[in-house]
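K.L.:
Okay, here's the prediction I keep looking at, along with the sequence it came from:
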Amino acid sequence: MADPRTVLDARDISRALTRISHEILERNKGASQLVLLGLHTRGVPLAHRIAQRIQAVEGAGVDVGELDVTMYRDDLRKQPTRRSHKTVIPGSGIDDKVVVLVDDVLFSGRTIRASLDALADLGRPSAVRLAVLVDRGHRELPIRADHVGKNLPSARTERVSVKVAEIDGEDEVTIS
Amino acid sequence: MKHLLSIDDVSRDEIETVFETAADMHDVQRREVKKLPALRGRTVVNLFFEDSTRTRSSFEIAGKWLSADVINISAKGSSASKGESLRDTVLTVCAMGVDGLVVRHPASGAAHQVSQWVDASVVNAGDGMHEHPTQALLDAYTLRTRLGSLQDRHVAIIGDLTHSRVFRSNVLCLTKLGARVTVVAPPTLMPAGVGAWSRAAGFETSYDVDAVLPEADAVMMLRVQRERMSGGYFPSAREYTVGYGLTRDRLALLKPDAPICHPGPMNRGLEIAADAADAAQSVVLEQVSGGLAIRMAVLYHLLAGEES
């Protein structure tokens, strides 16, 4: 496997998240009725960062939650059982809200399919949108992101790795 | 993990993993849609050769909330009552393509024996006077939720130890999690050989409830299992209550925040007074809801992954 090549450094990630935050606000015409749900694991800190930026722009807070889709995956039986994480839905719920799912990498689309199933068990949002830091292609399902930090053409054999400071101590996206 | 037959087979790490999963499962109980698709397409049979309300319904709901197909078979009303052997009953059920078997049986070792006959994962839901591992897991989970950690906490297990599989599983589980355990019973209900076991496993024994209660960080009352008693183990119910029951007077000896557990069903007025059963520090109902979460976690870990 080739040495990891940095495709986004900390400043690139920061700019991408700022742009995504503005796009979300524009698309939603403000922050009202907005809920950001970060997908475990690295989607969660990214969702919080987007929420901070929205707060800075709008002056109003936006609800943030965490979504774990382990139980909803279609490959549960193909690997040893994994531990699930906590799903945290803001107190006001997601009914009739615009839910923005936030994840680090969009690849096959299967995680997002699982997220949509999980959301259906949690409530009925008025709309569901998807924001990802990196879209690396190779979709296996008809799913696309509404907000993308960087489109990253990649070979299926390549490995895209996202690090975030809250978990990994640094911000970086590499491909190898 | 393929089967859950005894707490002895489960490592401390595996217990922690089950607890973490159970905490997530607990959240599902608060949702409007109490359903996860993790075991969709799996079939679980609850095979109960002994009467049970909470354990059987707990496993049934746990399986259903994980989207498994769950079937309950009781000895009463099944071919077992016509004289069919346990082996034939089990093989017949498994020939229908069952993935998980939850077995309760009055004979110690029955669940282990069943696991030798079938490919399905087997959960021991109580075998005679031997073990009841999910009860021990839910008790420890409930106590840990209340106490934070079980490391060096003093748990007193009081009552009919001789006939209690809950006691055996709990001693194994609690000591594995670092708790200090004292078991208390009248001499007639102290199991033979407990002295050697307690020295090997590192727990204490006592005949004196009043001396143990003030030092306990948690107390676990056991049911007096009169249906298993063939002789007179104590002169009268009244004498048992006076000597070993958690009475209103003894409640005052307990630390105010020490949780009171009981695996149920409770003999109110015999081993536990209504004042204790309904006290603010009683966690009997938390044990039931935690038990559901534990059983969901156990079924998930046994049945969801590729290893099963």
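P.N.:
Received it, and whenever you're ready, just let me know what you need.
K.L.:
where does the stretch 201-308 of chain B dip in pLDDT?
P.N.:
B:227-231, B:307-308 (pLDDT under 70).
K.L.:
mind running it again at 90?
P.N.:
When residues are selected by pLDDT under 90, those of the stretch 201-308 of chain B lie in B:224-239, B:264, B:305-308.
K.L.:
Next to chain A, which bits of it? Give me the list.
P.N.:
B:Tyr300, B:His301, B:Ala304, B:Gly305, B:Glu306, B:Glu307 (CB under 8 Å from any CB of the partner chain). C-beta coordinates here come from the backbone N, C-alpha and C atoms, glycine included.
K.L.:
Can you say which helix or strand has the first one in it?
P.N.:
When secondary structure is defined using DSSP states H and E, the element that contains B:Tyr300 is helix B:284-303.
K.L.:
Give the other helices and strands that that helix contacts.
P.N.:
Applying 3 or more CB pairs under 8 Å, 6 or more residues apart in numbering or on different chains; DSSP states H and E, we find helix B:284-303 packed against helix B:12-28, helix B:54-65, strand B:100-105, strand B:121-127, helix B:133-147, strand B:260-261.
K.L.:
Save those as CSV, and put in mean neighbour count too.
P.N.:
Listed next are the helices and strands packed on helix B:284-303 as CSV, based on neighbours: other CB atoms under 10 Å in any protein chain shown:
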stretch, mean neighbour count
helix B:12-28, 18
helix B:54-65, 21
strand B:100-105, 25
strand B:121-127, 26
helix B:133-147, 25
strand B:260-261, 24
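K.L.:
and A:Val69, which of those is closest to it?
P.N.:
The closest of the helices and strands packed on helix B:284-303 to A:Val69 is helix B:12-28. By CB to CB, the value is 11.9 Å.
K.L.:
Export only the CA atoms of that closest one, formatted as CSV.
P.N.:
What follows is helix B:12-28 as a C-alpha-only set of coordinates in CSV (Å, rounded to 0.1, in the frame of the first residue of the first chain):
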residue,chain,number,x,y,z
ARG,B,12,-14.5,-9.5,32.8
ASP,B,13,-14.0,-7.8,29.5
GLU,B,14,-16.9,-9.6,28.0
ILE,B,15,-19.1,-8.6,31.0
GLU,B,16,-18.1,-5.0,30.4
THR,B,17,-19.0,-5.3,26.7
VAL,B,18,-22.4,-6.7,27.6
PHE,B,19,-22.9,-3.8,30.1
GLU,B,20,-22.0,-1.2,27.5
THR,B,21,-24.3,-2.7,24.9
ALA,B,22,-27.1,-3.0,27.6
ALA,B,23,-26.8,0.7,28.3
ASP,B,24,-27.5,1.4,24.7
MET,B,25,-30.4,-1.1,24.7
HIS,B,26,-31.8,0.6,27.8
ASP,B,27,-32.3,3.7,25.7
VAL,B,28,-34.4,1.8,23.2
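K.L.:
for the following helix or strand past it, the distance to its chain's centre please.
P.N.:
Moving toward the C-terminus from helix B:12-28, the next helix or strand (DSSP H and E) is strand B:43-48. With CA atoms, centre = their mean, to the nearest Å as the basis, strand B:43-48 stands 17 Å off its chain's centre.
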